[in-house]
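[1] dropping the sequence and predicted coords here.
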Protein chains: 4
Amino acid sequence: MSIPNIAGDAVLKASDPVPEGSLLVHGIDYSKPESRNARASDIIEGMRTMGCQASSLAEACDIIEEMRSWRGKHIDELEEHERKGQFDENGYQKTTIFMGYTSNLISSGLRDTLRFLAENKMIDAIVSTAGGIEEDIIKCLAPTFMSEFSAPGKELREKGMNRIGNMVVPNDNYCKFEEWMVPLLDIMLKEQNEFIEKNGKESFNAGTPFWTPSKFIDRLGKEINDKTSVLYWCHKNKIPVFCPALTDGSIGDMLFFHTFKSSPEQIRLDIVEDIRKINSMSMNAYRAGMLILGGGLIKHHIANACLMRNGADYAVYINTGQEFDASDAGARPDEAVSWGKIKAEAKSVKVYSDVTLVFPLIVAATFAKK
Amino acid sequence: MSIPNIAGDAVLKASDPVPEGSLLVHGIDYSKPESRNARASDIIEGMRTMGCQASSLAEACDIIEEMRSWRGKHIDELEEHERKGQFDENGYQKTTIFMGYTSNLISSGLRDTLRFLAENKMIDAIVSTAGGIEEDIIKCLAPTFMSEFSAPGKELREKGMNRIGNMVVPNDNYCKFEEWMVPLLDIMLKEQNEFIEKNGKESFNAGTPFWTPSKFIDRLGKEINDKTSVLYWCHKNKIPVFCPALTDGSIGDMLFFHTFKSSPEQIRLDIVEDIRKINSMSMNAYRAGMLILGGGLIKHHIANACLMRNGADYAVYINTGQEFDASDAGARPDEAVSWGKIKAEAKSVKVYSDVTLVFPLIVAATFAKK
Amino acid sequence: MSIPNIAGDAVLKASDPVPEGSLLVHGIDYSKPESRNARASDIIEGMRTMGCQASSLAEACDIIEEMRSWRGKHIDELEEHERKGQFDENGYQKTTIFMGYTSNLISSGLRDTLRFLAENKMIDAIVSTAGGIEEDIIKCLAPTFMSEFSAPGKELREKGMNRIGNMVVPNDNYCKFEEWMVPLLDIMLKEQNEFIEKNGKESFNAGTPFWTPSKFIDRLGKEINDKTSVLYWCHKNKIPVFCPALTDGSIGDMLFFHTFKSSPEQIRLDIVEDIRKINSMSMNAYRAGMLILGGGLIKHHIANACLMRNGADYAVYINTGQEFDASDAGARPDEAVSWGKIKAEAKSVKVYSDVTLVFPLIVAATFAKK
Amino acid sequence: MSIPNIAGDAVLKASDPVPEGSLLVHGIDYSKPESRNARASDIIEGMRTMGCQASSLAEACDIIEEMRSWRGKHIDELEEHERKGQFDENGYQKTTIFMGYTSNLISSGLRDTLRFLAENKMIDAIVSTAGGIEEDIIKCLAPTFMSEFSAPGKELREKGMNRIGNMVVPNDNYCKFEEWMVPLLDIMLKEQNEFIEKNGKESFNAGTPFWTPSKFIDRLGKEINDKTSVLYWCHKNKIPVFCPALTDGSIGDMLFFHTFKSSPEQIRLDIVEDIRKINSMSMNAYRAGMLILGGGLIKHHIANACLMRNGADYAVYINTGQEFDASDAGARPDEAVSWGKIKAEAKSVKVYSDVTLVFPLIVAATFAKK
């Protein structure tokens, strides 16, 4: 009795030759001494042809290295009106890197990594959510603590401990933040009033020092004056930080409370000027790179800005979102290609991971390699 | 040779009696005729003790029914200063329901369900993202089409087809939107100018008709004047729609373009007045319910508003986020309890699902039961 | 000042005409009376063009209806050797439906739905895991109870309560199972011995009543003799139930204990005969349909059997797995196409969902429509 | 006008003092030179108090180090009947480490890491699925190649390229495997026959060389005789490899085909003896550790074995499963505590990640540190 034909044919179907240049799946060679307590770059090297997400992680490192190292013309070769994007210290055009991150990453110890990038001017613009702004300042006033995902909410509320995943922020930290913010809001309102007094109806015009989220955030960075802060270094290094929904958190609570104190006067935060600012950065960029840590607004906002230049040249997404619910949060880079937010010929990758699991390794092998 | 003690003791450990009132896991009784092509309420009934997510779905329906049916005092029993929250048509206090949804849901056919809720005044406030606003208007101008998750981005871009999950929006729709928006933006700028002309430096004060996202959105709903629109019905029924990051999408693109047309004048959108507005709604509510469809900003924004009243009384989350990355998007209701955003004694549930899979069934068994 | 060209061109890019026959995204029409407390088929109808996962769910229903309703030739038109697969009650060829489900679904109240399918001979073969077998029997001896995902393990262990997600099984249920199993295992060993005595070295040959998982399971279904049991109906209706890793759970514990009691004799369970049995069913099927509820072994096992016929004709996957880790559990149907496990021209869909959220609705609109 | 009381009290609620010894969330100190292209152990050190999944990853490393380094009594201090579990090279009791991995990991380049662990006897037993066995052998015959998650199934099938996530295996590899397997199956059947001839009806008894999955796998490892193979080293180092559903893949196909060739004789694979073998290993272990890479059967099988000793002492889970569907695949360690599969006082952690993203780093910082 022989093997049934249909099964035999299906199972033992011959295959075409593998195309030239196909990469073999293989991993780390532990016979090499450098595989012992390996360095970041050696681990990444071993992941490059590992398949699954490991190879995507290695690809993310490659794209980051390429967006970082790209250089165009020297500024002296450019016409006056062409001198708009980012240049390196020697005057050569370089990629404008837009980095976005969600609030939880500033709450986490990854804040130190994000600060390292800002301190060393390794990124050119930041987009975050309200929590991603205020937690950076609050951490200069009082610390966040380790906890458990399963810590029960009722007990925590009784103790005034606000849980963020497996971390807690004592509510006193927000009280300290309020004490720090109120005098500053008084001053900011005073400046707004002086400015209106001086400019009258032109106060609404473009280019006026009308408060916007990015100006507000820059001021926070200046006032906190603390080298552990991401925003401090952004202020120092003139890295704009965008947050269109800046009121969506503790800063919003403080602004809300301040409206009662200042009534009928009110600080105003305009979001139109900021969309002009980020879109202009994108249009002026010689090359644009997206480094997206997390999903939601921060991801869409950077992608939307890159549409203004007909697409980013590089894109690295790292998040836990899935595409099946058709949310932008979970969309693959290829969806952004359809919109013109990433160029069809751009290098892009998505790493499906909690950011804290992989970004320390990525940074060690790229931004902090030397 | 007998069973080894350690294994036997571990495997055959006796159990305590099950507590009185413990619910047996069981499912649908197909011997009943109503199980044939069953109605929504019968399906939900069968899911109540099914375990896994089915029982969470049934619990979500119970909470929705409870938040909808709660009634407090009659308005005539209240002092003047107490008459602030929502009342039913007979003058009795009822729950203020905050509904949040992400952009993809308006892109999807669930928009018809969301409109049904707005048309029938079944919810009291909405929070959405920019796409959740503009796609509602754009759909009045031209349709969205079915596609595939795997449709390749490069080809789509060449054809001008923007992919949203397994749907596409022709880029012409955005061109039509631009044509519709520009004259409206001209008028809105004119109104802004007239208002400044009239009010001078008081233009910045509280209570002035300064443009805010919620006012801008209300105006869109009025102007579109189309019964298929969620925003039209929100305008009609005075349901405020909040969107702190209104510039994060096509409306932002239009506002950006308009700054060039109107230069140096500029429409301004203030987000401080809106945070005051939503927080005040929360404080004034007799009871507050959260109905969160999706994650990210819309989830946090409603929860944060509910902190102003020391917690919502009801909370239903439906989304695909997971807590393990410590993002707010994936956080369980119990995390919000720790912050005082949901009351410790509130009824709350999270259904882990794409919203479109379950919300049609939920609505059929609750809001649209009769 | 005009809109910057690059941005205008990118944002306002014209689109090609939408292809003829493209489906508009739209949802439920609540003006129709049948949208009130809607029936399953009306809800599914409204989901068909909803996009996101809703349209995938409707597609799953369409595929199920098609696989159920397909009819081929009459048995009288067939040669003797062609009369191998499934026939309907009138003698026409029909699809062989392989249904797989994971253990948690039998623990849940969905068991009643699965039993309904077996009782009415709506499926032709089942593949499950060990828990999916034994929990069906155990539930005939004592019930499972509702619990919480967050119930703490240590306290539960002290009370002898075994948690399965948001359900618990008292450990006494396993003690009862042991009491029920031991005499049966004694008999089964006796039968094995008698058979060897009679057949000698031919005992190992094909076609002998050597114990295999599917025979063992059939015997359980016969012995339990309880109409609430899936396995009872599978026995009655001659629906084979496969479980290659039958020892991976409580039955394994009982068999393990029994080896001490029966030493040196030992019940043997052969898995080679069962792979021959399921593969033969696949080869003999006129058409083959896959209905996969969950991931892991049950998914792969059915797909692998369908390779023996060069691919299934229909495939519906419902599970929460994601493809990014390259696991078979999370693989889309298209991966199985590359292997020849699903035909390239087959109708297939994956619904990304917990099964209990959607399968009651699916069954109400398909198997239990009439 | 002052801040509304209810909001102020809720937002500015005072908090209790943080408990003594609470850990501050902080991250990597980039001022240290070792943060440049950092070594695995330094990266892990920086992740320990990072929160989110980073701290879980560091905890996984700590638990692995502890399970590896634990030592009990010297063998000379033990009675004869106590000398059953694992000992180190100096004769001291050590932890019995059960490692489970899914098929995709052997397909990926992580195979080299898994082999490293087997080669160096760093683990004591393995549980895998059928693919996790056969792909190891097949890779000795021909390589697997890198591909894309989006490679279309139909084209791949036409070319005979079987996709596994973002990798492909040419179907010729399976043809080569068949050529390698058939003569071996002939021999194995011959051995079975000789054994029955010799032992008669006692062939079914305990302790006979009846074929079981673990014996079959050991033979594969011996025959392949290739130092790149995990199974080769398991054979060399007497590390048992369990796979209760060994027929669920290409080996099953070969065994199925072989039944036609050998008819009416048939190789038999018994799974009862293997459950006795793994359960006995668990009972004999002085301490037991679980290292679970992936979900499904391999996870449950190890946990179930550890129930036989009333719980593992250490457990590290790394997978992408979620608990919300009540599947064992996604269950947290605490669910296993309720069953007595992990001791209540055991150290356990789950890392929510694709294994290939984190296991290279984990191994570099633990097993391959020196």
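    Received, thanks. Numbering: from 1, shown residues only, chains lettered A, B, ... in the order given.
[2] packing partners of the least confident helix or strand in chain A by mean pLDDT?
    Here the helix or strand of chain A ranked lowest by mean pLDDT, DSSP states H and E is helix A:5-11, holding a mean of 93. Here helix A:5-11 touches helix C:272-284, helix C:297-307, helix D:250-262, going by 3 or more Cβ pairs under 8 Å, 6 or more residues apart in numbering or on different chains; DSSP states H and E. For glycine as for every other residue, the C-beta is placed from the backbone atoms N, C-alpha and C.
[3] the first one vs chain D: in contact?
    Yes: using Cβ under 8 Å from any Cβ of the partner chain, a contact is recorded between helix C:272-284 and chain D, made by C:Val272, C:Glu273, C:Asp274, C:Ile275, C:Arg276, C:Asn279.
[4] check which helices and strands that helix is in contact with.
    helix A:5-11, strand C:92-101, strand C:125-128, helix C:213-224, strand C:241-242, helix C:297-307, helix D:250-262.
[5] from the rest of the structure, what touches that helix?
    If you take Cβ atoms under 8 Å, 6 or more residues apart in numbering or on different chains as the criterion, helix C:272-284 is touched by A:4, A:6-7, C:84-85, C:96, C:98, C:124-125, C:127, C:206, C:210, C:212-214, C:240, C:242, C:244, C:288, C:301, C:305-306, C:308-309, D:247-248, D:252-253, D:255-256, D:259, D:266-269.
[6] now the last one
    Taking Cβ under 8 Å, 6+ apart as the criterion, the residues outside helix D:250-262 that touch it are A:1-4, A:7-8, A:11, C:206, C:272, C:275-276, C:279, C:304, C:307-308, D:130-131, D:133-134, D:138, D:174, D:177-178, D:181-182, D:185-186, D:189, D:216, D:246-247, D:266-267, D:269.
[7] drop anything exposed from these.
    Buried members of the contacts of helix D:250-262, scored by 16 or more other Cβ atoms under 10 Å in any protein chain shown, are A:3-4, A:7-8, A:11, C:206, C:272, C:275-276, C:279, C:304, C:307-308, D:130-131, D:133-134, D:138, D:174, D:177-178, D:181, D:185, D:189, D:216, D:246-247, D:266-267, D:269.
[8] does any part of stretch A:173-183 sit near chain D?
    Yes: Stretch A:173-183 comes into contact with chain D (Cβ under 8 Å from any Cβ), by way of A:Tyr174, A:Cys175, A:Glu178.
[9] can you give me the end-to-end span of stretch A:322-335?
    End-to-end distance for stretch A:322-335: 12 Å, by Cα to Cα, to the nearest Å.
[10] averaged pLDDT, it. What do you get?
    What stretch A:322-335 shows for mean pLDDT is 97.
[11] before we move on, back to that, quick one: closest of the helices and strands packed on helix A:5-11 to D:Phe324.
    Checking the helices and strands packed on helix A:5-11 against D:Phe324 by Cβ to Cβ gives helix C:297-307 as the closest, at 18.6 Å.
[12] and the angle from that closest one to helix D:250-262?
    Put simply, helix C:297-307 runs at 40 degrees to helix D:250-262, going by axes from the mean of the first three to the mean of the last three Cα atoms, to 10 degrees.
[13] got the CA coordinates for helix C:297-307 in PDB?
    Extracted in PDB, the C-alpha atoms of helix C:297-307 (Å, rounded to 0.1, in the frame of the first residue of the first chain):
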ATOM      1  CA  LEU C 297      -2.300  22.800  19.200                       C
ATOM      2  CA  ILE C 298      -6.000  22.600  18.200                       C
ATOM      3  CA  LYS C 299      -5.500  25.100  15.500                       C
ATOM      4  CA  HIS C 300      -2.400  23.500  14.100                       C
ATOM      5  CA  HIS C 301      -3.700  20.000  14.300                       C
ATOM      6  CA  ILE C 302      -6.700  20.700  12.100                       C
ATOM      7  CA  ALA C 303      -4.700  22.800   9.600                       C
ATOM      8  CA  ASN C 304      -2.100  20.000   9.400                       C
ATOM      9  CA  ALA C 305      -4.800  17.400   8.700                       C
ATOM     10  CA  CYS C 306      -6.100  19.600   5.900                       C
ATOM     11  CA  LEU C 307      -2.700  19.700   4.300                       C
END
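[14] anything in that helix near chain D?
    Yes: Helix C:297-307 reaches chain D (Cβ under 8 Å from any Cβ) through C:Leu297, C:His300, C:His301, C:Asn304, C:Leu307.
[15] ok so, going back, lowest average pLDDT across the helices and strands packed on helix C:272-284?
    Taking the mean pLDDT of the helices and strands packed on helix C:272-284, helix A:5-11 comes last: a mean of 93.
[16] C-terminal to it, what's the next element?
    helix A:40-47 (DSSP states H and E).
[17] counting by contacts, list what the helix or strand that that following helix is followed by packs against.
    Downstream of helix A:40-47, the next assigned helix or strand under DSSP H and E is helix A:52-69. The contact analysis (3+ Cβ pairs under 8 Å, 6+ apart) places helix A:52-69 against helix A:40-47, strand A:92-101, strand A:287-293, strand A:312-319, strand A:342-352, helix A:355-365, helix D:355-365.
[18] how far is whichever helix or strand comes after the fourth one from where the chain is centred?
    Following the chain from strand A:312-319 toward its C-terminal end, the next helix or strand by DSSP H and E is helix A:333-339. A distance of 19 Å separates the centroid of the chain from that of helix A:333-339, by Cα atoms, centre = their mean, to the nearest Å.
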